[in-house]
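**Q** Structural data only, the sequence is not supplied:
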């Protein structure tokens with residue numbers, strides 16, 4: 001087999017692995033988009049995943065590729081990227097997604113991918129291979145995104161309560177059952193716009209490292225279409241183990257609460273995507289749900305469940321980095 005054909009085979013297999021990660025991202029994070037709309041009874045589960053998947057894909061037309069640029073050029077030194085680094089990063093991210101999905105823990109696919117890149121880069125080239133500015137922004141938003149979600153969810157709950165204080169509970173419920181379809185759409189747009197770009201970034205990184213494209217040429221259109229489609233399909237299959245945790249175990253939501261949580265989360269995602277910061281949709285919607293629940297009193301939030309989720313957030317980057325480092329070593333033996 002010629003050198004070019006061998007390169008294309010390896011790149012093709014790694015692109016398929018990246019799209020598998022993207023599918024798993026949609027599958028794993030489907031709960032973030034649909035948990036509130038399912039738990040409030042506005043949509044049945046199969047209707048909700050179809051609704052979310054459609055808006056995941058529509059996001060391709062609305063957002064610039066700033067997050068993809070951060071992943072592709074702003075996380076690790078592009079000069080050290082090769083097949084083994086990409087392989088290690090993807091295996092680390094996929095493995096952590098499977099582990100947390102199995103146990104029903106809503107962790108971050110985004111931070112699993114960042115951790116995978118960090119672990120593979122560290123074992124290959126040491127700390128100098130890391131771009132601390134890009135990683136620092138991502139790490140900062142581990143804390144900023146849920147706080148923003150919390151604040152926006154809380155503020156919207158207070159505003160809505162003030163606006164509807166003279167309406168009957170039945171009328172409020174009827175109105176917000178309809179409005180929750182809008183808020184679920186907005187959140188799914190934000191989910192697709194931020195998360196699909198992370199896989200776009202890693203495939204772009206791979207293509208540049210292989211000499212098949214350059215930063216000046218931009219991201220190939222087929223990469224963009226493939227990544228948004230893979231995410232939409234993943235969402236369509238849904239991660240039911242995590243839906244229960246997000247929609248029922250943290251706090252009980254009514255349609256008005258679901259609307260406020262989804263809208264607060266969507267605003268946070270839109271802002272982060274515009275800034276080119278890869279954030280966790282899991283962190284964002286969890287913060288928003290807790291914010292909505294806390295406006296009804298601290299006792300309405302199951303803080304023990306929220307605390308276990310936070311521990312998963314803390315462990316995601318180091319755990320996926322460790323797995324990625326081991327996968328990098330294995331990759332050197334088999335690729």
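**A** Perfect, thanks for sending it. Everything numeric here is computed off the predicted structure, so don't read it as measured data.
**Q** tally of neighbours for residue 174?
**A** For residue 174, the count of nearby residues is 13 (other C-beta atoms under 10 Å). No exception for glycine: its C-beta is placed from N, CA and C like everyone else's.
**Q** Also residue 83?
**A** 18.
**Q** same check, this time on residue 79
**A** Neighbours of residue 79 using other C-beta under 10 Å come to 9.
**Q** Can you tell me how far it is from residue 214?
**A** Distance of residue 79 to residue 214, given as C-beta to C-beta, to the nearest Å: 13 Å.
**Q** Same check on residue 283?
**A** 34 Å.
**Q** the more surrounded of those two?
**A** residue 283 (30 against 9).
**Q** doesn't residue 107 make contact with the more buried one?
**A** No. Using C-beta atoms under 8 Å, residue 283 is not in contact with residue 107, being 9.3 Å away.
**Q** Show me the common contact partners of those two, please.
**A** Taking C-beta atoms under 8 Å, 6 or more residues apart in numbering as the criterion, residue 283 and residue 107 both touch residue 313.
**Q** Okay, helices next: where are they in the protein?
**A** Using DSSP state H, the helices of the chain run over residues 3-39, 45-58, 66-73, 83-102, 109-125, 132-163, 169-209, 221-237, 240-244, 255-274, 281-294, 303-334.
**Q** Now the weakest link among those helices, please, by mean pLDDT.
**A** Lowest mean pLDDT of these: helix 240-244, a mean of 53.
**Q** what's the burial count for residue 12?
**A** Residue 12 - counted by other C-beta under 10 Å - has 10 other residues nearby.
**Q** quick one: contacts for it?
**A** Contacts of residue 12 by C-beta under 8 Å, 6+ apart: none found.
**Q** Ok, residue 148 next?
**A** Contacts of residue 148 by C-beta under 8 Å, 6+ apart are 264, 267-268, 271, 284, 287.
**Q** same deal with residue 189?
**A** 55-56, 58-59, 62, 266.
**Q** Go again with 6 Å.
**A** Residues in contact with residue 189 (C-beta atoms under 6 Å, 6 or more residues apart in numbering) are 55, 59.
**Q** now the one 5 residues further on
**A** Shown in contact with residue 194 (C-beta under 6 Å, 6+ apart): 67, 269, 273.
**Q** measure it to residue 138 for me?
**A** Counting by C-beta to C-beta, the gap from residue 194 to residue 138 is 12 Å.
**Q** before we move on, what about residue 261?
**A** On the measure of C-beta to C-beta, residue 261 and residue 138 end up 23 Å apart.
**Q** again with residue 118
**A** Residue 118 is 10 Å from residue 138, by C-beta to C-beta.
**Q** contacting residues around stretch 83-102?
**A** 10, 14, 17-18, 21, 24, 28, 107, 109, 112-113, 116-117, 119-120, 124, 206, 239, 319-320, 323-324, 327-328, 331-332, 335.
**Q** How far does that stretch sit from its chain's centre?
**A** Using C-alpha atoms, centre = their mean, to the nearest Å, the mean C-alpha position of stretch 83-102 is found 14 Å from that of the whole chain.
**Q** And that stretch, what's buried?
**A** 83-97, 99-101 (16 or more other C-beta atoms under 10 Å).
**Q** ditto for stretch 217-233
**A** Buried, per 16+ other C-beta under 10 Å, within stretch 217-233: 219, 223-224, 226-233.
**Q** Likewise for stretch 42-55?
**A** For stretch 42-55, by 16+ other C-beta under 10 Å, it's 42-43, 48-55.
**Q** Give me the distance between that stretch and the centre of its chain.
**A** 17 Å.
**Q** follow-up on the earlier one: need the winner for burial among the helices of the chain.
**A** helix 281-294 (a mean of 29; mean count of other C-beta atoms under 10 Å).
**Q** Do I have it right that residue 40 meets residue 258?
**A** Yes. Under the criterion of C-beta atoms under 6 Å, residue 40 makes contact with residue 258 at 4.5 Å.
**Q** so what sits against both of the two?
**A** Between them, residue 40 and residue 258 share no contacting residue, judged by C-beta under 6 Å, 6+ apart.
**Q** quick one: contacts for the closest residue to residue 19 other than its chain neighbours?
**A** Nearest non-adjacent residue to residue 19, counting by C-beta to C-beta, 6 or more residues apart in numbering: residue 230, 4.5 Å away. Shown in contact with residue 230 (C-beta under 6 Å, 6+ apart): 19, 22-23.
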